[in-house]
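>>> Pasting the sequence and the predicted coordinates here, then a few questions.
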There are 2 protein chains.
Amino acid sequence: MADPRSVEVLKEALQRLPGVGPKSAQRMAFHLLERDREGAQQIGEALRHALLKVNHCSRCNNFSETDLCGICSSSKRDDVRLCVVETPADLEAIEQAGVYQGMYFVLMGSLSPLDDIGPEQLGIDQLLALVTAEKVEELILATNLTMEGQATSDFIVDLMEPLGVPVSRLARGLPMGGELEYMDSGTLNQAFAERKTIHS
Amino acid sequence: MADPRSVEVLKEALQRLPGVGPKSAQRMAFHLLERDREGAQQIGEALRHALLKVNHCSRCNNFSETDLCGICSSSKRDDVRLCVVETPADLEAIEQAGVYQGMYFVLMGSLSPLDDIGPEQLGIDQLLALVTAEKVEELILATNLTMEGQATSDFIVDLMEPLGVPVSRLARGLPMGGELEYMDSGTLNQAFAERKTIHS
C-alpha cells in the first residue's frame, strides 16, 4: 500500500457504489483528489443532505422529503388508478412519457429471494392496505419484463384476486423503432401471440 | 421531476465521478438511499476525511498525508534511481510487482493539451529541481504506452538531455501470457524490432 491511509479508506468506501470495483474506485479517488476536489465536496454534502432529508412517502412508498410526496398530495391526479412500479426511475420514465395521470405505488425493488428481498421488503402490506382503504378502480402492473419483475407481478395478481380489484398490466410486443431483425425470440413470440386484428 | 429535490441534487453530484452518467447516477442514488445508507455515510465521511488529510509529497508529488510520503522517507530505498510514473495507481502496480526498490516521481497525469494539462500541471519543474538537487544515476521513464504517455516521455527525455542525466525506459514487447494471435500490430512491430539475440 503506497497510498496514504485516507486514500485507501476512500477507495474502499467508493466500492460500496453499485458497479464499482477496485479499479474504478482507484480511478474515482484519483480524479476527485487530483482534479476535482470541489466535486468531492459536492458529493459529500449531497450525500449528507440526502441521508438527512430523504424518507419514504407514507402512501406510495417513493422517496420523499415530506410525509406525502408531490404526486400523492396533488389534487390533479386521477386517484382511482394505481400503477405499481419497481423503482423511482421507472416512475420517472412513465411521468416523462406523460401518458399517465393516476397514482403510483413504488415497490423499491422486485422479489429476489437470493438477495433476501421478499414481500416484506417491498412493502406489499402497505400496498394491500392502500388498495383496501382506497377506492382503486384499476391496479396497473408496470414491473419490468424480467424474471424478478414478472414473479413480483404474478405475486401481486394472486394477492389481489380475492379482493376483487381490477388488475391490468402494460402491453407487450415490439418496442417503437424496433427492427424485427434484431428482436429476441421472446419479444417476437409475445408480439405474435398478442397480435391485433386490423380488418376481420 | 418526480424525485424530491435532495435526490436530484445527489444524482447530479454523483455525475461528477468519472465514467458516471445520468443513468448510473440514478442507480447509485437509489442503491445508497434504499439499500445501503450506511455505505452512503461511509463514502461521505471518507470523502470529507480525504479532502482534509490528503496532500502531495513534497518530494515525489504522490498523494501523502505527511510532508514526505512513506517511500520518500524510507531509508531502505535505492535513492540514486528515480522512476517517473503517471499516476499513484501505476506506482502501486510497480510496488506490487516487487521488482523495483528505487524512488519515484508521480506526474499525476500526462501531457494532454486538450484537457489543459501541460508541463506545469505535471510538476515538471519539481522533477527538474529534484534531478538537479539529488544525485540521480538513472531516470527510468515508466509512462503508459499511449499517445499522451509517450509524448510526456519524449518531453522529459528532451528536458534531461542538457543535464546529462542517464535516462532509460521500460522494455516494450509481448506481455507475459500474451498470444501472438491476439496481439495488435504495434506490439508485434515493437517485439520484432527489439528482438533479442539468443545465440549469435
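Happy to help now that I have it. Numbers count the residues shown, from 1 in each chain, chains lettered A, B, ... in the order given.
>>> Please count neighbours and contacts with C-alpha atoms only from this point.
Will do.
>>> count of neighbours near the closest residue to residue A:118 other than its chain neighbours?
Of all residues not flanking residue A:118 in the chain, residue A:111 sits nearest, at 5.3 Å (C-alpha to C-alpha, 6 or more residues apart in numbering or on different chains). When neighbours are counted by other C-alpha atoms under 10 Å in any protein chain shown, residue A:111 registers 23.
>>> just residue A:37 next, same as before
Using other C-alpha under 10 Å, residue A:37 has 15 other residues around it.
>>> just how off-centre is the strand ranked longest in chain A within its chain?
Scanning chain A for the longest strand, with DSSP state E as the assignment, gives strand A:78-85. Offset of strand A:78-85 from its chain centre (C-alpha atoms, centre = their mean, to the nearest Å): 15 Å.
>>> what's the next helix-or-strand element following it packed up against?
Proceeding N to C from strand A:78-85, the next assigned helix or strand is helix A:88-97, under DSSP states H and E. Helices and strands touching helix A:88-97, by 3 or more C-alpha pairs under 8 Å, 6 or more residues apart in numbering or on different chains; DSSP states H and E, are strand A:102-106.
>>> Other residues contacting the strand it packs on?
A:59-62, A:71-72, A:77-88, A:91, A:127 (C-alpha atoms under 8 Å, 6 or more residues apart in numbering or on different chains).
>>> Quick check: next helix or strand after that strand?
Heading C-terminal from strand A:102-106 (DSSP H and E), you reach helix A:124-133.
>>> now that following helix against strand A:78-85, angle please.
160 degrees (axes from the mean of the first three to the mean of the last three C-alpha atoms, to 10 degrees).
>>> Report the separation between residue A:61 and residue A:158.
Residue A:61 sits 21 Å away from residue A:158, taking C-alpha to C-alpha, to the nearest Å as the criterion.
>>> More neighbours: the two, which one.
Neighbour comparison, residue A:61 and residue A:158: the larger count goes to residue A:61, with 23 against 10 (by other C-alpha under 10 Å).
>>> Contact partners for residue A:88?
A:62-63, A:106, A:108, B:3, B:30.
>>> which one of these is nearest residue A:163?
Nearest to residue A:163 among the contacts of residue A:88, counting by C-alpha to C-alpha, is residue A:106 at 20.1 Å.
>>> What separation do you get for the closest residue to chain B within chain A and residue A:4?
Closest to chain B within chain A is residue A:44: 4.5 Å, counting by C-alpha to the nearest C-alpha. Distance check for residue A:44 against residue A:4: by C-alpha to C-alpha, it reads 20 Å.
>>> any chance you could map the strands in chain A?
Under DSSP E, chain A gives strands at A:55-56, A:63-64, A:78-85, A:102-106, A:138-141, A:167-169.
>>> Out of the ones you listed, which one sits most buried?
The highest average neighbour count among these, using mean count of other C-alpha atoms under 10 Å in any protein chain shown, belongs to strand A:63-64 at a mean of 24.
>>> Counting by contacts, list what that strand packs against.
So strand A:63-64, by 3+ C-alpha pairs under 8 Å, 6+ apart, packs with strand A:55-56.
>>> what pairs with the strand it packs on, and is each one parallel or antiparallel?
strand A:63-64 (antiparallel) (DSSP bridges).
>>> what mean pLDDT does the strand it pairs with have?
Averaged across strand A:63-64, the pLDDT comes to 96.
>>> tally of neighbours for residue A:16?
Neighbour count of residue A:16, defined by other C-alpha under 10 Å: 20.
>>> Wait, it touches residue B:39, no?
Yes. Residue A:16 sits in contact with residue B:39 when judged by C-alpha atoms under 8 Å, with a separation of 5.9 Å.
>>> related to what we said a few turns ago, who touches the residue nearest to residue A:118 in this structure?
A:117-119, A:122, A:148-149, A:151-152.
>>> pLDDT added to those residues, as CSV?
As requested, the contacts of residue A:111 are exported to CSV (pLDDT from 0 to 100):
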residue, pLDDT
A:117, 90
A:118, 91
A:119, 91
A:122, 93
A:148, 93
A:149, 94
A:151, 95
A:152, 95
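>>> Greatest separation within the contacts of residue A:88: which pair is it?
Once C-alpha to C-alpha is applied, those give A:108 and B:3 as the farthest pair, at 13.3 Å.
>>> quick one: low-confidence parts of chain A?
Chain A contains residues with pLDDT under 70 at A:1-2.
>>> domain ranges for it?
As assigned by automatic domain parsing, chain A contains the domains A:5-53, A:63-199.
>>> Can you say which of the ones you listed is packed in most?
domain A:5-53 (a mean of 19).
>>> Pull the distance from it to the chain's centre.
24 Å.
>>> Could you do stretch A:116-128 as well?
Distance, centroid of stretch A:116-128 to centroid of chain: 14 Å (C-alpha atoms, centre = their mean).
>>> end-to-end on that stretch?
21 Å.
>>> For the residue nearest in space to the middle of chain A, give me its contacts.
Nearest to the geometric centre of chain A sits residue A:87, at 1.1 Å (C-alpha atoms, centre = their mean). Neighbouring residues of residue A:87 by C-alpha under 8 Å, 6+ apart: A:62, A:106-109.
>>> switch the cut-off to 7 Å
Neighbouring residues of residue A:87 by C-alpha atoms under 7 Å, 6 or more residues apart in numbering or on different chains: A:106-109.
>>> now swap in residue A:50 and tell me
Residue A:50 touches B:6-7, B:10, counting by C-alpha under 7 Å, 6+ apart.
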